[in-house]
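Peer 1: Just to be clear, the model below is a prediction. Sequence and coordinates:
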Amino acid sequence: MDTKVGSIDSCIPASNDIGGSPNCGVSTIESSPTSHSPAVVSPSDATLGRHLARRLVEIGVTDVFSVPGDFNLTLLDHLIAEPRLKLIGCCNELNAGYAADGYARSRGVGACVVTFTVGGLSVLNAIAGAYSENLPVICIVGGPNSNDYGTNRILHHTIGLPDFSQEFRCFQTITCYQAVINNLEDAHELVDTAISTALKESKPVYLSVSCNLPAIPHPTFSRHPVPFSLTPKVSNQMGLEAAVEAAAEFLNKAVKPVMVGGPNMRVAKAMEAFVELADASGYALAVMPSAKGLVPENHPHFIGTYWGAVSTPFCEEIVESADAYVFAGPIFNDYSSVGYSLLLKKEKAIIVQPEGVTVGNGPSFGCVLMKDFLSHLAKRLAHNNTAYKNYHRIYVTEGKPLRDNPKEPLRVNVLFQHIQRLLNGETAVIAETGDSWFNCQKLKLPEGCGYEFQMQYGSIGWSVGATLGYAQAVPEKRVIACIGDGSFQVTGQEVSTMIRMGQKSIIFLINNGGYTIEVEIHDGPYNVIKNWNYTALVDAIHNGEGKCWTAKVRSEEELVEAIEMATEEEEKREGLWFIEAIVHRDDTSRELLEWGSRVSSANSRPPNPQ
């Protein structure tokens, strides 16, 4: 896709220097000329490579995930030369992209650097996942020598054609902006446009830099650049007032309204406004599965995850029996709707997206920002806690898993009881695609505990790289990663980088001998994988360098012993822990069984008659 320009629909001005459409009421933040005097840069630093490094640091990127290749080596030299920037070499490009994804979830923006085509096409899958999750990732590719463009030459790392645009065209559909820098005259503008577009759109961008350009000084890089000054989006005031009026009238007539938060609250930066509305209204408060962690679960009216038939206990009944519901930033796909089986009615719903509101079957209001709408609506609603009282009335505390004998084989529900006890405000949970989705949804997050998973794209193996990136972005938190054996086989080698970077995450490898989530959708021999000695593999990767400990557990007693060592012994608290939990192949959550059957039914629908 091309860079978006100003329009009433998008509420985005054409540039950082003009006001945009008057209907959107865009205001501009300007830099102060006195506070940012253009200091002269030394000649050795006045290069494209150093300029790009400084720009990344300026927007909050202090770690870049990379894989070297002959087309990006000079660029890497100049990134390393920036003292505020750390280059983190990854085992492969896919993992580097996943790490940038995890980093962006915490820092707000991430970056990766790979080489031309063989690297660029390898990182594509990770960048597509970041696009689906609205994450600004700067994907930088070291490109061919600028002299080779237009020469009809065939280069290595290509598919054997003199046209170098294959990689560029692949990135067009999964990034919001693409630029090829093969001359220095417009390099400054292209770098700034790429970075600012990623931040404005909250999507990945693609930036190709010719391999012979990063080291060359240029006058445009001889002074420190003017700091970024992004134009904020603001609501159309008339539209905002009309939307709030319609929604307040709709909700104040309801008997038992509820609120449900969705994943697009993140890109809208509307989490605080959502909680403000919950405080003011008294409504029962739930989240969609992919919004877990965006709303504080210690809120007095929080009732859990709404996921249709696989919701947390008693949440589904309260949401689907409501006579009005506010959905803030929802994504309704086949997974989040449990095979299109949600019992919701459009006429009861107010759907709030980052830049628009729809009230029931009635009017839709564009150019209304979610955070503005929620905040203004909070001042117009009558307090109504009927739905929460109903939840409190029917809620029954969950029981504890049954136990037979000491040393009995470890069960997944017992494992997650102990993971729950690990969580506090200094931890974060990374949940891999699979049964960990469902088990982690039932974890109760203490205040300040982070939570991330990739539901829209659902790429198995994502969590290993994401754990690396997230832990690097927030070193003060200890990441608790829950990963299945099938997913770990895709990307597990990146544990090497975690050890090298001195990270202190705890990885729970749940070994049940196959692709369990696929088994519950459609079983077959292809869902069985070769069993590995996972702890021995990680020990081999560790190879005596850095801090890393492993444990293979088959019972609750062994699990408790491993967790105690990982959390109570001072030396071992500061290193990476890899705990392989061996469980029965058929030990799956109730939610996965239900969800899998419904998704299977949706997948197997016969063709419509012609």
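Peer 2: Sure, I can see it. Please read all numbers here as calculations on a predicted model, not as lab measurements.

Peer 1: so where's the protein uncertain?
Peer 2: Where the chain drops to pLDDT under 70, the residues are 1-39, 225, 228, 404, 516-517, 519-520, 522.

Peer 1: need the helices for the stretch 1-150 of the chain, in chain order.
Peer 2: Along the stretch 1-150 of the chain, counting by DSSP state H, counting those that start in this stretch, helices occupy 48-58, 73-80, 93-107, 120-132.

Peer 1: quick one: contacts of the shortest one?
Peer 2: To tie it back to what came earlier, the one meant is helix 73-80. For helix 73-80, the surrounding residues in contact (CB atoms under 8 Å, 6 or more residues apart in numbering) are 47-50, 52-53, 56, 64, 66, 68, 85, 87, 113, 140, 142, 209, 211-212, 214-215. Where C-beta positions appear, they are placed from N, C-alpha and C, glycine not excepted.

Peer 1: For it, list every residue counted as buried.
Peer 2: Along helix 73-80, these residues count as buried under the neighbour rule (16 or more other CB atoms under 10 Å): Thr74, Leu75, Leu76, His78, Leu79.

Peer 1: number of nearby residues for Gly458?
Peer 2: Applying other CB atoms under 10 Å, we find 17 residues neighbouring Gly458.

Peer 1: what helix or strand does the nearest residue to it once chain neighbours are set aside sit in?
Peer 2: Once flanking residues are discounted, Gly458 sits nearest to Thr433: 4.8 Å by CB to CB, 6 or more residues apart in numbering. In this assignment (DSSP states H and E), Thr433 forms part of neither any helix nor any strand.

Peer 1: in this protein, which residue is closest to the centre?
Peer 2: Taking CA atoms, centre = their mean, the centroid of the chain lies closest to Arg105, which sits 4.9 Å from it.

Peer 1: ok, for it, nearest residue in space, not its chain neighbours?
Peer 2: Distances taken as CB to CB, 6+ apart place Glu452 nearest to Arg105, at 5.1 Å, with adjacent residues excluded.

Peer 1: again, but for Val267
Peer 2: Excluding the flanking residues, the one nearest Val267 by CB to CB, 6+ apart is Asn134, at 4.1 Å.

Peer 1: Lys200 is in contact with that neighbour, correct?
Peer 2: No - when contacts are counted by CB atoms under 8 Å, Asn134 is not listed as touching Lys200 (11.9 Å).

Peer 1: Give me the contacts around the helix or strand containing Glu561.
Peer 2: Taking DSSP H and E as the criterion, Glu561 maps to helix 556-568. Residues from elsewhere that reach helix 556-568, judged by CB under 8 Å, 6+ apart: 406-408, 410, 414-415, 418, 422, 506, 549, 551-553, 572-573, 577, 579, 581.

Peer 1: how about a cut-off of 7 Å?
Peer 2: Contacting residues not belonging to helix 556-568 are listed as 406-407, 410, 414-415, 418, 422, 506, 551, 553, 572-573, 577, 579, 581 [CB atoms under 7 Å, 6 or more residues apart in numbering].

Peer 1: export that helix as CSV, just CAs?
Peer 2: Provided in CSV are the C-alpha atoms of helix 556-568 (Å, rounded to 0.1, in the frame of the first residue of the first chain):
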residue,chain,number,x,y,z
GLU,A,556,3.8,-31.5,40.7
GLU,A,557,6.5,-32.1,43.2
GLU,A,558,9.2,-31.8,40.6
LEU,A,559,7.5,-28.7,39.2
VAL,A,560,7.5,-27.0,42.6
GLU,A,561,11.1,-27.8,43.1
ALA,A,562,12.1,-26.3,39.7
ILE,A,563,10.0,-23.1,40.3
GLU,A,564,11.6,-22.7,43.8
MET,A,565,15.1,-22.8,42.3
ALA,A,566,14.1,-20.4,39.5
THR,A,567,12.6,-17.8,41.9
GLU,A,568,14.3,-18.2,45.3
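
Peer 1: Pull out the buried residues from that helix.
Peer 2: In terms of neighbour count (16+ other CB under 10 Å), helix 556-568 has its buried residues at Glu556, Glu558, Leu559, Ala562, Ile563, Met565, Ala566.

Peer 1: Just put those residues in a markdown table and tack on distance to Leu402.
Peer 2: Converted to a markdown table, the buried residues of helix 556-568 look like this (distance: CB to CB, whole Å):
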| residue | distance to Leu402 |
| --- | --- |
| Glu556 | 12 |
| Glu558 | 19 |
| Leu559 | 17 |
| Ala562 | 23 |
| Ile563 | 21 |
| Met565 | 27 |
| Ala566 | 27 |
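
Peer 1: ranking the contacts of helix 556-568 by neighbours, who comes first?
Peer 2: Greatest neighbour count in the contacts of helix 556-568, by other CB under 10 Å, goes to Ala581: 27 neighbours.

Peer 1: Pull the contacting residues for that one.
Peer 2: Taking CB under 7 Å, 6+ apart as the test, what Ala581 contacts is Leu410, Leu415, Phe508, Leu509, Ile510, Asn511, Val553, Leu559.

Peer 1: Which ones among the residues you listed map onto helices?
Peer 2: Of those, the ones assigned to helices by DSSP state H are Leu415, Leu559.

Peer 1: tell me which of the contacts of Ala581 is nearest to Val123?
Peer 2: Comparing the contacts of Ala581 against Val123 with CB to CB places Leu509 closest, at 24.9 Å.

Peer 1: Can you report how many residues lie near the closest one?
Peer 2: Residues lying near Leu509 (other CB under 10 Å) number 26.

Peer 1: Which strand residues bridge it?
Peer 2: Ile483, Glu580 (DSSP bridges).

Peer 1: how close does it get to Ile430?
Peer 2: Separation of Leu509 from Ile430 (CB to CB, to the nearest Å): 13 Å.

Peer 1: Now the closest residue to Leu443 other than its chain neighbours: which helix or strand?
Peer 2: Nearest residue to Leu443, sequence neighbours excluded (CB to CB, 6+ apart): Gln420, at 5.6 Å. Gln420 belongs to helix 412-422 when assigned by DSSP H and E.

Peer 1: Quick one: residues in contact with that helix.
Peer 2: Under CB under 7 Å, 6+ apart, the answer for helix 412-422 is 401, 439, 442-444, 480, 482, 508, 510, 556, 559-560, 563, 567, 581, 583, 587, 589.

Peer 1: by how many degrees do that helix and helix 556-568 diverge?
Peer 2: When axes from the mean of the first three to the mean of the last three CA atoms, to 10 degrees is applied, the directions of helix 412-422 and helix 556-568 differ by 20 degrees.

Peer 1: quick one, strands of the stretch 251-400 of the chain?
Peer 2: Ranges of strands in the stretch 251-400 of the chain, per DSSP state E, counting those that start in this stretch, are 258-261, 284-287, 302-305, 325-328, 349-353, 356-359, 364-366.

Peer 1: Nearest to Phe250, out of those strands?
Peer 2: Taking the strands of the stretch 251-400 of the chain one by one with CB to CB, strand 356-359 is closest: 5.5 Å.

Peer 1: strand partners of that closest one, parallel vs antiparallel please.
Peer 2: Sheet pairing of strand 356-359 (DSSP bridges) gives strand 349-353 (antiparallel), strand 364-366 (antiparallel).

Peer 1: buried set for that strand?
Peer 2: Buried positions in strand 356-359, judged by neighbour count with 16+ other CB under 10 Å: Gly356, Val357, Thr358, Val359.

Peer 1: isn't the third one right up against Val352?
Peer 2: So that's Thr358. No - at 8.2 Å, Thr358 does not count as touching Val352 under the criterion of CB atoms under 7 Å.
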